[in-house]
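A.B. asks: this is the structure alone, sequence omitted:
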Ligand code: 26Q
């Protein structure tokens with residue numbers, strides 16, 4: 001990169017002078033803003049070059065449609081990918097600023113819930129790094145994932161006002177605004193060509209304005225675009241009403257439009273059923289398709305025969321599936337294609353990724369909501385389904401059951417996954433086990449009908465953010481021993497295996513982990529006044545709070561361990577710090593009760609002198625990407641303990657591995673593939689397997705009582721939930737108890753097999769303790785985990801998508 005450090009310095013100084021008239025008194029945020037703006041300047045030229053190259057060569061692009069992009073911070077990431085971080089840091093420090101302080105000024109772009117949103121962000125990084133033409137399309141939420149504070153042990157949500165200051169990375173493109181219509185009624189015009197043309201009357205008009213953010217590839221000139229849409233009213237507020245002193249009504253239309261991109265829905269794995277959510281989905285899908293069609297028709301006019309050659313749209317779960325009937329509508333109603341022509345385009349354009357097997361997460365919309373909001377799109381969905389059912393009847397004339405099961409519209413609902421599978425040319429799961437379960441269980445009918453569509457794409461994460469940027473000590477270690485080049489070819493890490501018996505190297509590795517643990521301890525001391533002992537095992541459970549992820553299993557073990565230490569003087573396991581970070585969906589009562597329980601157990605244990613220096617429990621407030629970047633490098637143990645068959649993939653498991661933490665996990669999602677790489681002796685695997693759970697579910701044979709009766713330690717821990725041991729939140733803990741032991745609201749007891757896996761989990765934790773005590777043995781396992789994580793780079797994942805689905809060509813800029 002031809003980077004002029006003096007120009008950069010001057011550019012920062014000039015901005016501080018011009019914008020703030022205060023190079024002397026600039027506060028840290030002003031400096032961040034000026035530095036970011038100066039970095040954007042550096043990016044600008046290649047961004048333009050990339051745009052021109054991609055236009056000029058009329059190349060095939062991937063369009064990643066996603067309701068979420070969990071980008072986190074951009075400053076360090078951009079500096080690293082531009083390969084100018086050291087120089088820029090030096091320049092800023094020379095000016096008297098502390099880089100770390102400056103970096104901390106940037107709010108996370110938290111436009112996602114968790115795994116699915118962060119995966120989208122890793123994919124964009126890999127696509128740019130690998131020089132593939134790609135656009136991310138989504139929503140510019142005014143408020144992202146809520147800010148979590150813990151008050152009296154309970155989660156309290158506060159709005160994430162991430163745009164309070166301007167976002168220096170985005171460029172508003174008002175020149176590219178489009179209009180999206182809602183509601184109204186369908187009117188038909190019969191025209192001279194003999195066809196009926198449909199349009200909407202009295203619809204609500206909403207303006208969609210794109211904001212572009214650059215996606216800088218690592219060590220390449222490619223700069224792709226993330227284009228996020230903002231909703232506003234074309235009319236602004238109503239001056240007449242305002243003058244008549246109807247102040248509320250005067251801004252009604254404006255508010256109603258702006259509501260669409262106001263806030264990210266904070267529930268992961270569980271649909272909202274809210275009309276506003278459908279509005280969000282249609283809003284960004286329609287705007288994005290109009291945007292794509294506009295650039296296409298500028299070159300090819302109304303000849304759509306090349307559209308599917310130049311565009312592939314990947315649907316990130318069902319959230320953007322309404323794009324399917326919307327593209328039909330645009331092609332027929334706005335561009336005058338016949339149904340069959342339009343359908344031929346659509347079915348060559350879309351590919352669908354499924355991210356979950358939880359039944360409650362499968363999106364379906366009540367017809368009345370859908371039809372009321374999108375009357376014309378609904379007609380098209382009906383027609384798609386009518387034609388599909390007529391095909392089904394020819395293929396399976398006697399199987400009425402199947403025809404009913406597979407109908408896209410059924411029982412007053414529209415099934416978005418069915419629509420996606422029927423219209424897409426590819427359907428994929430996100431880990432081998434997950435894709436297998438889709439094929440053989442959840443989507444069995446569909447895999448039978450369309451076997452050629454089904455495939456697996458195991459998730460991955462970008463080593464640029466999750467190793468190079470987050471863990472500079474380990475990054476240098478790797479370069480020193482494995483060699484350079486791993487930043488774009490993670491298989492280089494396998495060279496580390498040469499050092500498996502080199503005690504000096506192993507010692508160095510342990511020292512790096514130790515330093516990272518000290519850093520994390522210092523950060524938690526500074527931010528939440530927590531005391532952590534860096535000599536203890538850092539056992540880390542960070543991910544969204546959900547029953548299937550079984551944070552409750554972890555807590556029950558902690559309670560059990562606490563009791564055991566108190567009961568038995570001779571029991572002296574190595575010191576442990578149990579670290580949690582998790583947000584619960586705002587309306588998910590039981591998840592919130594688990595957060596309260598973790599905090600109540602933390603208070604009890606951390607204030608009990610008898611276990612001081614032996615166990616400690618820490619809840620990291622407001623877990624988010626920038627916190628994750630500090631936690632993964634400091635972890636010894638990676639908790640991946642979901643009920644087998646329920647976690648589609650997991651990606652945190654990969655970030656831990658990359659940072660040398662050992663997996664304590666079930667054979668679920670990508671854990672299985674991690675263990676395939678490192679072998680069982682380098683991980684701690686326990687618990688029921690997916691097929692065993694399935695068998696128990698089918699036989700309805702699971703009785704949690706049996707497990708409680710057989711295990712006094714478990715019985716005691718359970719009893720302590722409700723006997724006041726953990727303080728004053730008894731109704732919440734009582735519900736947790738009841739859900740495990742009796743089942744609540746007509747549910748089976750212990751739906752996620754926490755009690756069935758308890759004993760195996762305790763034994764796995766004992767193995768962890770024993771293994772940790774053998775420091776050199778632990779270091780070997782750590783080294784091996786790092787050496788064998790090549791498969792889990794999102795670069796590998798992207799190459800798999802490109803080869804099997806997207807069929808893109810690399811475009812070198814310049
Ligand atoms: C749906 C409708 C209305 C409101 C919200 C939602 C919604 C939002 C987010 C539903 C689901 C999500 C997120 C799901 C998710 O993050 N799934 C995770 O995806 C990861 C990437 O593939 C996997 O690694 C995880 O296993 C999976 O849980």
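C.D. replies: Done, it's in. All figures in this text were calculated on a predicted structure; none of them were measured in a lab.
A.B. asks: the residue of the stretch 101-250 of the chain at minimum distance from the ligand: neighbouring residues, count only.
C.D. replies: Residue of the stretch 101-250 of the chain nearest the ligand, by C-beta to the nearest ligand atom: residue 115 (2.8 Å). All C-beta spots, glycine's among them, are computed from the backbone N, C-alpha and C. Residues near residue 115, counting by other C-beta atoms under 10 Å, number 25.
A.B. asks: and residue 419, by the same measure?
C.D. replies: Residue 419 has 23 neighbours, counted by other C-beta under 10 Å.
A.B. asks: now residue 128
C.D. replies: Residue 128 is flanked by 24 other residues according to other C-beta under 10 Å.
A.B. asks: and the helix or strand it falls within, what does it pack against?
C.D. replies: Per DSSP states H and E, residue 128 falls inside helix 115-129. Judged by 3 or more C-beta pairs under 8 Å, 6 or more residues apart in numbering; DSSP states H and E, helix 115-129 is in contact with strand 61-65, strand 69-72, helix 75-81, strand 134-139, strand 204-216, strand 223-232, strand 311-316, helix 794-801.
A.B. asks: close to the ligand: what parts of the stretch 551-700 of the chain are there?
C.D. replies: Residues of the stretch 551-700 of the chain lying close to the ligand (C-beta under 6 Å from any ligand atom) are 647, 648, 649, 650, 651, 669.
A.B. asks: try the stretch 101-250 of the chain
C.D. replies: By C-beta under 6 Å from any ligand atom, the residues of the stretch 101-250 of the chain that approach the ligand are 113, 114, 115, 116, 119.
A.B. asks: right, and the last one touches residue 651 too?
C.D. replies: Spelled out, it's residue 119. Yes. Here residue 119 reaches residue 651: they are 6.0 Å apart, a contact under C-beta atoms under 8 Å.
A.B. asks: quick check: neighbours shared by the two?
C.D. replies: Both residue 119 and residue 651 are in contact with residue 459, where contact means C-beta atoms under 8 Å, 6 or more residues apart in numbering.
A.B. asks: what is the neighbour count of the residue of the stretch 401-550 of the chain found nearest the ligand?
C.D. replies: For the stretch 401-550 of the chain and the ligand, the shortest gap (C-beta to the nearest ligand atom) falls at residue 430, measuring 4.0 Å. Neighbourhood size, residue 430 [other C-beta under 10 Å]: 29.
A.B. asks: what of residue 417?
C.D. replies: Residue 417 has 23 nearby residues by other C-beta under 10 Å.
A.B. asks: equivalent analysis for residue 31, please.
C.D. replies: For residue 31, the count of nearby residues is 24 (other C-beta under 10 Å).
A.B. asks: per-residue pLDDT of it, please?
C.D. replies: At residue 31, the pLDDT value in this model is 95.
A.B. asks: right, and it touches residue 99 too?
C.D. replies: No. Using C-beta under 8 Å, residue 31 is not in contact with residue 99, being 9.9 Å away.
A.B. asks: which residues of the stretch 601-750 of the chain fall in strands?
C.D. replies: Taking DSSP state E, counting those that start in this stretch as the test, the strands found in the stretch 601-750 of the chain are 615-619, 637-640, 662-665, 684-685.
A.B. asks: low-confidence ranges, the protein, go.
C.D. replies: For the chain, the stretches with pLDDT under 70 are 1-2, 20-25.
A.B. asks: summarise which helices and strands the biggest helix by length in it is packed against.
C.D. replies: Longest helix in the chain, counting residues (DSSP state H): helix 28-56. When contacts are defined as 3+ C-beta pairs under 8 Å, 6+ apart, helix 28-56 packs onto helix 5-20, helix 75-81, helix 85-94, helix 99-103, strand 204-216, strand 223-232.
A.B. asks: want to throw the ones you listed into CSV with mean neighbour count?
C.D. replies: CSV is the format used below for those (neighbours: other C-beta atoms under 10 Å):
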stretch, mean neighbour count
helix 5-20, 16
helix 75-81, 23
helix 85-94, 17
helix 99-103, 16
strand 204-216, 22
strand 223-232, 24
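A.B. asks: show me the beta-bridge partners of the nearest residue to residue 315 once chain neighbours are set aside.
C.D. replies: Nearest residue to residue 315 in three dimensions, chain neighbours excluded: residue 352, at 4.6 Å (C-beta to C-beta, 6 or more residues apart in numbering). On the basis of DSSP bridges, residue 352 is bridged to residue 315, residue 427.
A.B. asks: and residue 352, how many residues sit next to it?
C.D. replies: Residue 352 has 26 neighbouring residues, counting by other C-beta under 10 Å.
A.B. asks: contact partners for it?
C.D. replies: Contacts of residue 352 (C-beta under 8 Å, 6+ apart): 314, 315, 318, 321, 417, 420, 421, 424, 426, 427, 428.
A.B. asks: how near is it to the ligand?
C.D. replies: 13 Å (C-beta to the nearest ligand atom, to the nearest Å).
A.B. asks: just residue 613 next, same as before
C.D. replies: For residue 613, the distance to the ligand - C-beta to the nearest ligand atom - is 36 Å.
A.B. asks: am I right that that residue is in contact with residue 575?
C.D. replies: Yes. Residue 613 is in contact with residue 575 according to C-beta under 8 Å; the separation is 5.9 Å.
A.B. asks: please report how far the residue of the stretch 401-550 of the chain closest to the ligand lies from residue 669.
C.D. replies: Note on residue 430: its distance to residue 669, by C-beta to C-beta, to the nearest Å, is 8 Å.
A.B. asks: cool, residue 402 as well?
C.D. replies: Computed as C-beta to C-beta, the residue 402 to residue 669 distance reads 29 Å.
A.B. asks: name the SS class of the closest residue to residue 299 other than its chain neighbours, please.
C.D. replies: Closest residue in space to residue 299, ignoring its immediate chain neighbours: residue 58 at 6.6 Å, by C-beta to C-beta, 6+ apart. What DSSP: H, G, I helix; E, B strand; the rest coil gives for residue 58 is coil.
A.B. asks: can you give me phi and psi for residue 58?
C.D. replies: phi 40, psi 60 (degrees, to the nearest 10).
A.B. asks: now the phi/psi pair for the most far-flung residue of the chain relative to its centre, please.
C.D. replies: No residue in the chain sits farther from the centre than residue 192, which is 50.0 Å out by C-alpha atoms, centre = their mean. Per-residue torsions, residue 192: phi -60, psi -30 (degrees, to the nearest 10).
A.B. asks: same check, this time on the one 4 residues further on
C.D. replies: As for residue 196, its main-chain torsions (degrees, to the nearest 10) stand at phi -90, psi 140.
A.B. asks: tell me, how many residues neighbour it?
C.D. replies: Residue 196 has 11 neighbouring residues, counting by other C-beta under 10 Å.
A.B. asks: ok, residue 151 next?
C.D. replies: By other C-beta under 10 Å, 8 other residues sit near residue 151.
A.B. asks: ok, residue 725 - contacts?
C.D. replies: Contacts for residue 725 were tallied using C-beta under 8 Å, 6+ apart; they are residue 604.
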